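Student: how would this look folded up:
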Amino acid sequence: MALETRHPRVAVIGQGAREHALVWKLAQSPLEPELYAVPGNPGMWQLAKRVDIASSDMERIVVWAREAGIDLVVVGPEGPLADGLVDALTDAGIPAFGPSREAAQLEASKAFSKALMRDANVPTARFGVFTEVDKALGFMRTLGIPVVVKADGLAAGKGVVVAQSWADAEAAVRDMLEGNRFGLSGSRVVIEEYLSGMEVSCMYFVDASAVVPMLPARDFKRAYDGDEGPNTGGMGAFAPVPSVTDAVIDRVTKTIVQPVVKALRDRGITYRGVLYAGLMITDDGPKVIEFNARFGDPETEVVLPLLATDLLQIAWAVAHDELSTLAIEWRSDAAVCVVVAGGDYPAGSDHGTPIALPTEAAAGHVAGRDGEVVFHAGTALRDDGQLVTAGGRVLTISAIATDIPAAIAAAYSAAETVQFERMHYRRDIAHNWRV
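Tutor: As a prediction, this is how the structure comes out:
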């Protein structure tokens, strides 16, 4: 049944731009929830009470949630999901939005994910899983160049190398298996066939009996204009994707998402939360590049602004296996976001550099249909109240407008009002929106 209690206590776990977007959207609920950010960031603290507990401190989160009488916990990042935070909350009788530890293996282990797809006949790239360099290189030669090298475990969006030469491919394999670049996450590598086509992100709300697609989005992972430079966690995104029709989404639902959810269920694993399918639309149809067990970042910052249905009711329904009772609706507008990063990103992060924001942006203000909102990612407050950098991706600036070109113009207009030393952002986000 629908959540009817006014002012329910809702906690959001995490501290990035994705979690800021979640808090921002939950704050719009007609139920006027009492929001808590654990630990949050300065942007979130304007909408939610700050709880100074690390998102990785599972035991303290559960104790606090019980003592605070929290009605629902929304888990943002992949780390706490992979560690089993939802399981711990559920065991304590606290409803949570997010998959269990077993279900989160879809993201936490690429080898698990690929094996599940193989068993469920889900279309994806040819692959092999290796712990030894020589065997990995041997398989790689059967695929040819370009080739994709992935760390098996979580690597903050940086564990994927699309190698354009044998030298780069071998270096990536040795870096992960011998150089310990990603620690245990890179102790196994997945070597994949390179897929060509149009890349798209399709996120789904999922519970025990229903899967409901969100609007498709496209993100931009390379650091620099023209899709040049190293892969990042994402430098911007737009939604919807005009060329991804309802028929394409229906095919993804029937040939990818439903079979994967069923394959998990056949293993005794019920998936609840958000299932993110990173896809390549090839000449042979959609194929899976990767799964994430949570909202994508920066896709969340363009998809949630277009959600017309109360996110709080959706999260509550998913946590209680009542998703099928909701009719989820979307605005007919478009959204574009631009990530403003520190000077060394993605090679390094930026800390302590003062940030200047216009008053409206600092307040997370969105004006009507043609509005902009600044989501904080890597920010902190000094003791004197000055906003400073505290990460690689510092801010995500989203704009909502009647169409994509208008949203592009609004997002970049807003980005020009942000100032801090050595900041940089891509100038070509959504350039290919027609494709």
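Student: what residue ranges in the stretch 201-350 of the chain score low on pLDDT?
Tutor: Within the stretch 201-350 of the chain, no stretch has pLDDT under 70.
Student: could you pull out the helices for it?
Tutor: 246-252, 258-266, 300-303, 311-319 (DSSP state H, counting those that start in this stretch).
Student: other SSEs contacting the shortest one?
Tutor: Read it as helix 300-303. Judged by 3 or more Cβ pairs under 8 Å, 6 or more residues apart in numbering; DSSP states H and E, the packing partners of helix 300-303 are helix 17-26, strand 236-239, strand 334-341, strand 393-401. Backbone N, C-alpha and C define where each C-beta goes, glycine included.
Student: and Q164, how many neighbours does it have?
Tutor: Here the count is done by other Cβ atoms under 10 Å, and Q164 has 12 residues near it.
Student: Ok, D266 next?
Tutor: D266, neighbours per other Cβ under 10 Å, totals 11.
Student: residues contacting it?
Tutor: Applying Cβ atoms under 8 Å, 6 or more residues apart in numbering to D266 gives no contacts.
Student: picking up where we left off before, go through the helices of the stretch 201-350 of the chain and pick out the most buried.
Tutor: Greatest average neighbour count among the helices of the stretch 201-350 of the chain goes to helix 300-303 (a mean of 30), per mean count of other Cβ atoms under 10 Å.
Student: Next, report how far it is displaced from the centre of its chain.
Tutor: 9 Å (Cα atoms, centre = their mean, to the nearest Å).
Student: send the alpha carbons of it over as CSV?
Tutor: Once non-C-alpha atoms are left out, helix 300-303 reads as follows in CSV (Å, rounded to 0.1, in the frame of the first residue of the first chain):
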residue,chain,number,x,y,z
THR,A,300,20.6,10.4,-12.2
GLU,A,301,21.1,14.2,-12.4
VAL,A,302,19.2,14.3,-15.7
VAL,A,303,16.7,11.4,-15.2
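Student: now the most centrally placed residue in the chain, nearest residue through space, not along the chain?
Tutor: For the chain, G296 is the residue whose C-alpha lies nearest the centre (Cα atoms, centre = their mean; 1.5 Å). Among residues not flanking G296 along the chain, Y276 sits closest, at 4.9 Å (Cβ to Cβ, 6 or more residues apart in numbering).
Student: Was I right to think that neighbour contacts F295?
Tutor: Yes: applying Cβ atoms under 8 Å as the test, Y276 and F295 come out as touching, 7.0 Å apart.
Student: Which neighbours do the two have in common?
Tutor: With Cβ under 8 Å, 6+ apart, Y276 and F295 have common neighbours M203.
Student: measure the nearest residue to A223 once chain neighbours are set aside to Y412 for me?
Tutor: The shortest distance from A223 to any non-neighbouring residue, by Cβ to Cβ, 6+ apart, is to G229 (3.6 Å). Going from G229 to Y412 by Cβ to Cβ, to the nearest Å gives 19 Å.
Student: Could you chop this structure up by domain?
Tutor: 9-100, 126-193 (automatic domain parsing).
Student: Between these, which one is closest to T253.
Tutor: domain 9-100 (18.0 Å; Cβ to Cβ).
Student: Contact partners for M203?
Tutor: Here M203 is in contact with P213, M214, A217, V274, L275, Y276, A277, F295, G296, E299, V303 (Cβ under 8 Å, 6+ apart).
Student: Next, format the helices of the stretch 201-350 of the chain as CSV and append distance to R181.
Tutor: Formatted as CSV, those follow (distance: least, Cβ to Cβ, whole Å):
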stretch, distance to R181
helix 246-252, 32
helix 258-266, 29
helix 300-303, 27
helix 311-319, 35
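Student: Out of those helices, which is closest to V129?
Tutor: By Cβ to Cβ (comparing all of those), the closest turns out to be helix 258-266, at 17.6 Å.
Student: Now that closest one - C-alpha only, PDB.
Tutor: Provided in PDB are the C-alpha atoms of helix 258-266 (Å, rounded to 0.1, in the frame of the first residue of the first chain):
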ATOM      1  CA  GLN A 258      13.600  -9.500 -17.200                       C
ATOM      2  CA  PRO A 259      15.900 -12.500 -18.000                       C
ATOM      3  CA  VAL A 260      18.600 -11.200 -15.600                       C
ATOM      4  CA  VAL A 261      16.100 -10.600 -12.800                       C
ATOM      5  CA  LYS A 262      14.600 -14.100 -13.400                       C
ATOM      6  CA  ALA A 263      18.100 -15.700 -13.500                       C
ATOM      7  CA  LEU A 264      18.800 -14.100 -10.100                       C
ATOM      8  CA  ARG A 265      15.500 -15.300  -8.800                       C
ATOM      9  CA  ASP A 266      16.300 -18.900 -10.000                       C
END
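Student: how distant is it from the center of its chain?
Tutor: With Cα atoms, centre = their mean, you get 21 Å for helix 258-266.
Student: what sits against I94?
Tutor: Contacts of I94 (Cβ under 8 Å, 6+ apart): V62, A65, R66, I70, V73.
Student: which two in the residues you listed are spaced the farthest apart?
Tutor: R66 and V73 (10.7 Å).
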